[in-house]
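> quick one: sequence and predicted model below, then my questions.
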Amino acid sequence: MTERFGKTRRGDRTVSRRQFIAGAAAAATVAVVKPSGVRGTEANSRVEVGCVGLGGRGRLIAGMIAKHAGYRITALADYFEQVADAAGERFAVPKERRFTGLSSYKRMIGAKVDAVFLETPPCFFPDHAAAAVEAGCHVYVAKPVAVDVPGCIRIADLGKRATRAGQVFLVDFQTRTHPFFIESIKRIHAGALGQVAFLSSVYNDNGFADPPLTETVESRLRHLIWVNDVALGGGMLVNAGIHAVDVALWVADRLPASAVGASRAARPTPHGDTHDVYSVTYRFDDGLVWNHRGEHVPNLWPFTCNCTAYGHGAYFEGDYSGQTKTWVRGGAMAYRGGEVQGLYNSGIQANLDLFHKSIIDGACDNPTVEPSVNSTLACILGRDAARAGRRLTWADMMKAGKRIEADLSGLED
C-alpha cells in the first residue's frame with residue numbers, strides 16, 4: 001500500500017493527509033481478480049476481486065470496491081491474520097477465502113478471482129503482479145511500482161505481457177485522472193508555454209512513526225512504518241515525492257539524462273534508512289533543468305504537492321493539494337482551470353471505474369504502466385544520486401541495475 005503523506009490547511013487548522021485518510025480506513029488491502037469470462041454481458045459484468053494488503057489505503061480501496069456496482073470482493077490476503085479477519089467480516093468474505101502469511105497472495109490467486117488489487121509495501125509488487133499475470137488475472141496496483149531498477153523492469157515487462165494476453169494492468173496515479181491536469185498538460189504539449197525553460201516540483205509532508213528495529217521486519221509491515229525502510233518501501237522520495245515527480249515527467253514528456261542532489265535523515269530519531277529531506281536537480285539532453293525538493297519532518301508546514309513549469313510568456317501550475325490553482329496562465333493558449341479538491345478519493349474512484357470499463361470492454365493497451373514505471377525510475381535516480389552526493393546518469397543507473405533485497409527471514413509463510 002502506498003499511501004500519500006499529507007498536510008492540508010483548513011482555516012487555522014493543519015490536518016495531515018494521514019489523519020484525513022485514517023478516518024476512512026485503518027488497514028492495507030490488495031485485490032486479486034481473474035478474467036474468467038468477464039466480457040461484457042450484464043450477467044457477468046461484476047468482476048470478482050481479490051484484495052492483497054488490507055492496511056490503511058488497502059482497506060479504504062476495498063471499501064470503495066465493495067460499494068462499486070461493477071465489483072464483488074470474493075477473496076482477501078494479508079500477512080496479518082487479524083487484519084484479514086477484520087476485513088473479511090466487514091466485506092462478508094468467508095473464512096476459507098481469507099489468506100494470511102507471506103505467501104497468502106498465491107493462495108488467494110489460486111482461489112480463482114478475476115482481478116487483483118495490490119496495496120502492500122511496494123517491494124512485493126513485482127512478485128505479486130507476476131503471479132497474478134501468470135494466473136490470467138487483471139491487475140490494479142498502487143505506486144511506486146517497485147523499490148529498485150530490476151523491479152521496475154519486471155513491472156514494465158508484465159504490463160506488456162498482460163497486453164498480449166488480453167489482461168488489464170492499471171497503475172493508480174490520481175493526478176492523471178483530473179480534467180484540470182489533463183487539459184493543462186494537453187495545452188503544454190501543444191505549445192502553450194513555448195519551450196519549457198525550467199521545471200520545479202515539490203512534495204512536503206509529515207513522515208510516519210519509525211520505532212526501533214526488532215528481530216524481524218514483521219513490526220515494520222504495518223501502519224506505514226515500512227516507508228522508512230528503502231528495501232521495503234523505496235524511501236520517502238520514491239513513495240511520496242513520486243506524485244509531484246510524475247506530473248513533472250508528464251509535462252516534460254521525456255526522460256531526464258542525469259540527476260545530482262543532496263539528502264539527509266532529519267527526523268528526530270531515525271531507525272529506518274530512508275532520507276527524509278532532499279533536493280534533486282535533473283537535467284535533460286536538450287538542457288532543460290528540473291528541480292525537485294521535499295521534506296518529511298514533523299512541523300507546521302502544510303501538505304504541499306505541486307509542479308510548476310516556466311515557459312516563454314506563460315507558466316503552468318499543477319497543485320494536488322488544492323492550495324493554488326491548476327492552470328496555464330498567460331499566452332494564447334491560457335487555461336483558467338481551478339482548484340483541485342478531493343483528488344485522493346476522486347482519483348481512486350476514477351481509476352476503479354476505468355479499470356472495470358477496460359475489463360468489460362477488453363481494452364488492454366494498459367497506458368498507465370510505462371509512465372508509472374518511468375516515474376518510479378526517476379525517483380530512484382534522484383534518491384540514489386542524492387544519497388551518493390554525485391551526478392548519476394539514467395544510462396548508468398539502468399546499466400548497473402542495482403537490486404535491493406528486503407530481509408524477510410523469520411516471517412510466517
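Sure, I can see it.

> going forward, measure contacts and count neighbours with C-alpha atoms only.
Fine.

> and the strands in the stretch 1-150 of the chain?
Here the stretch 1-150 of the chain has its strands, by DSSP state E, counting those that start in this stretch, at 7-10, 13-16, 32-33, 47-52, 71-78, 98-100, 115-118, 138-141.

> my error: substitute the stretch 301-413 of the chain in the last question.
Counting by DSSP E, counting those that start in this stretch, the stretch 301-413 of the chain has strands at residues 304-310, 315-319, 325-329, 335-339, 392-393.

> deepest in the core, which of the ones you listed is it.
Highest mean neighbour count among the strands of the stretch 301-413 of the chain (mean count of other C-alpha atoms under 10 Å): strand 315-319, with a mean of 26.

> what's that one packed up against?
Other elements packing on strand 315-319 under the criterion 3 or more C-alpha pairs under 8 Å, 6 or more residues apart in numbering; DSSP states H and E are strand 304-310, strand 325-329.

> got the contact list for the shortest one?
I take that to be strand 325-329. The contact list for strand 325-329, computed with C-alpha atoms under 8 Å, 6 or more residues apart in numbering, reads 180-181, 184, 192, 314-319, 334-340.

> that strand: partners in the sheet, and parallel or antiparallel?
strand 315-319 (antiparallel), strand 335-339 (antiparallel) (DSSP bridges).

> neighbours around Ala130, how many?
A total of 20 residues lie near Ala130 under the criterion other C-alpha atoms under 10 Å.

> wait, it sits on Leu158?
Yes - shown here, Ala130 and Leu158 form a contact pair, counting by C-alpha atoms under 8 Å, at 6.6 Å.

> closest one to Thr163 among the helices and strands packed on strand 315-319?
Proximity to Thr163 (C-alpha to C-alpha) singles out strand 304-310 among the helices and strands packed on strand 315-319, at 31.2 Å.

> now that closest one against strand 325-329, angle please.
Strand 304-310 runs at 0 degrees relative to strand 325-329, counting by axes from the mean of the first three to the mean of the last three C-alpha atoms, to 10 degrees.

> all helices for the stretch 251-400 of the chain, in order.
For the stretch 251-400 of the chain, the helices identified by DSSP state H, counting those that start in this stretch occupy 343-361, 369-388, 394-400, in order along the chain.

> follow-up on the earlier one: can you redo the helices and strands packed on strand 315-319 as TSV with distance to Val297 and mean pLDDT?
Rendered in TSV, the data for the helices and strands packed on strand 315-319 read as follows (distance: least, C-alpha to C-alpha, whole Å; pLDDT from 0 to 100):
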stretch	distance to Val297	mean pLDDT
strand 304-310	13	97
strand 325-329	26	98
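
> can I get those in JSON lines with distance to Ser346?
Formatted as JSON lines, the entries for the helices and strands packed on strand 315-319 read as follows, by distance: least, C-alpha to C-alpha, whole Å:
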{"stretch": "strand 304-310", "distance to Ser346": "16"}
{"stretch": "strand 325-329", "distance to Ser346": "16"}
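
> among these, which comes closest to Val280?
Minimum separation from Val280 across the helices and strands packed on strand 315-319 (C-alpha to C-alpha) falls at strand 304-310, 14.0 Å.

> sheet partners, orientation included, of the closest one?
The sheet places strand 304-310 alongside strand 198-204 (antiparallel), strand 315-319 (antiparallel), with pairing taken from DSSP bridges.

> what's the burial count for the closest residue to Val47 other than its chain neighbours?
The shortest distance from Val47 to any residue that is not its chain neighbour, by C-alpha to C-alpha, 6 or more residues apart in numbering, is 4.7 Å, and that residue is Tyr71. Other residues lying near Tyr71 total 21 when counted by other C-alpha under 10 Å.

> distance to Thr304 added to the strands of the stretch 1-150 of the chain, as a markdown table?
Below are the strands of the stretch 1-150 of the chain laid out as a markdown table (distance: least, C-alpha to C-alpha, whole Å):
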| stretch | distance to Thr304 |
| --- | --- |
| strand 7-10 | 7 |
| strand 13-16 | 11 |
| strand 32-33 | 33 |
| strand 47-52 | 29 |
| strand 71-78 | 31 |
| strand 98-100 | 36 |
| strand 115-118 | 26 |
| strand 138-141 | 24 |
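
> now the weakest link among those, please, by mean pLDDT.
Across the strands of the stretch 1-150 of the chain, the stretch with the lowest average pLDDT is strand 7-10; it has a mean of 32.

> right, so of the strands paired with strand 304-310, which gets closest to Ala400?
Closest of those to Ala400 is strand 198-204, at 26.9 Å (criterion: C-alpha to C-alpha).

> now the element after that closest one, going C-ward?
The helix or strand immediately downstream of strand 198-204 is helix 230-233, counting by DSSP states H and E.

> which residues touch the next helix or strand after that following helix?
As assigned by DSSP H and E, the chain's next helix or strand after helix 230-233 is helix 236. Contacts made with helix 236 from outside it, assessed by C-alpha under 8 Å, 6+ apart, are listed as 207, 227-228, 274-276, 296.

> which one of those is nearest to Leu60?
Sorting the contacts of helix 236 by how near they are to Leu60, with C-alpha to C-alpha, puts Val227 at the top with 18.3 Å.

> right, and that closest one touches Asn239 too?
Yes - using C-alpha under 8 Å, Val227 and Asn239 qualify as a contacting pair, with a distance of 7.1 Å.

> care to break the protein down by domain?
7-174, 175-362+370-400 (automatic domain parsing).

> quick one on the thing from earlier: dump the residue contacts of the residue nearest to Val47.
Tyr71 makes contacts with 46-49, 65, 356, as judged by C-alpha under 8 Å, 6+ apart.
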